[in-house]
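Novice: Structure of the sequence below:
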Amino acid sequence: MITDKLKKIRENLDLSQRQIANKLNISKTAYGRWESGEYIIPLERLIDFCKFANCSIDYILELSEDKKFKPLNINRKKIGLNIKNIRIKNNLTQTEFAKSINTVQSVISAYETGETLIKTSFMLDICKKYKIFASDILK
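Specialist: Next up is the predicted model:
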């Protein structure tokens, strides 16, 4: 689980929740909720965590055992295009694609146009369902 990886990496860095929260410029409560699984870490913060911890997003999401950090940037338009390409490659309409990850067509449309940044949970669902890496969506 993501929560286990966050905790394991934090402990390997020999940091408390408060210390890592300070490094990420967030509250200890927010970080604690991500690590406990009460909330899912937002994609922007997950990327910040990866940069700080120098580890791969695919490793944290348990999509790969490769820990090597790969630089990531948030570009909603490029991410949206990558999502659209995954959908098209699988010959799916936006509605069919949405249904496959338990959401609605308007959400997929907003992701594909870059209007909205994909949520970590949906990105993970897409990765698992379509057997791709998160780093491929974010590149």
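
Novice: Of all the helix elements in this protein, which one is longest?
Specialist: helix 76-89 (DSSP state H).

Novice: Residues in contact with that one: which ones?
Specialist: Among residues not part of helix 76-89, those counted as contacts by C-beta atoms under 8 Å, 6 or more residues apart in numbering are 93-94, 97, 108, 111-118, 126, 130, 132, 136-139. The C-beta positions use only the backbone N, C-alpha and C, and glycine is treated the same way.

Novice: For that helix, buried residues please.
Specialist: Buried residues in helix 76-89, counted by 16 or more other C-beta atoms under 10 Å: Ile79, Gly80, Asn82, Ile83, Lys84, Ile86, Arg87.

Novice: of the contacts of helix 76-89, buried ones?
Specialist: Among those, those buried by neighbour count (16+ other C-beta under 10 Å) are 94, 97, 108, 111-112, 114, 117-118, 126, 130, 132, 137-138.

Novice: with the residues you listed in mind, which one is nearest to Ile74?
Specialist: Leu117 (6.6 Å; C-beta to C-beta).

Novice: Confirm that closest one sits in a helix?
Specialist: No - per DSSP: H, G, I helix; E, B strand; the rest coil, Leu117 lies outside any helix segment and is coil.

Novice: Can you check the pLDDT for the closest residue to it other than its chain neighbours?
Specialist: Once flanking residues are discounted, Leu117 sits nearest to Arg76: 5.4 Å by C-beta to C-beta, 6 or more residues apart in numbering. pLDDT, Arg76: 93.

Novice: where's Arg76 relative to Gly114, distance?
Specialist: Per C-beta to C-beta, to the nearest Å, Arg76 is found 4 Å from Gly114.

Novice: Least confident secondary structure element in the protein?
Specialist: For the chain, using mean pLDDT, DSSP states H and E, the weakest element among its helices and strands is helix 2-12, scoring a mean of 91.

Novice: So which bits of the helix or strand that that helix is followed by are buried?
Specialist: Counting by DSSP states H and E, the next helix or strand C-terminal to helix 2-12 is helix 17-23. Within helix 17-23, the residues that count as buried by 16+ other C-beta under 10 Å are Gln17, Ile20, Ala21, Lys23.
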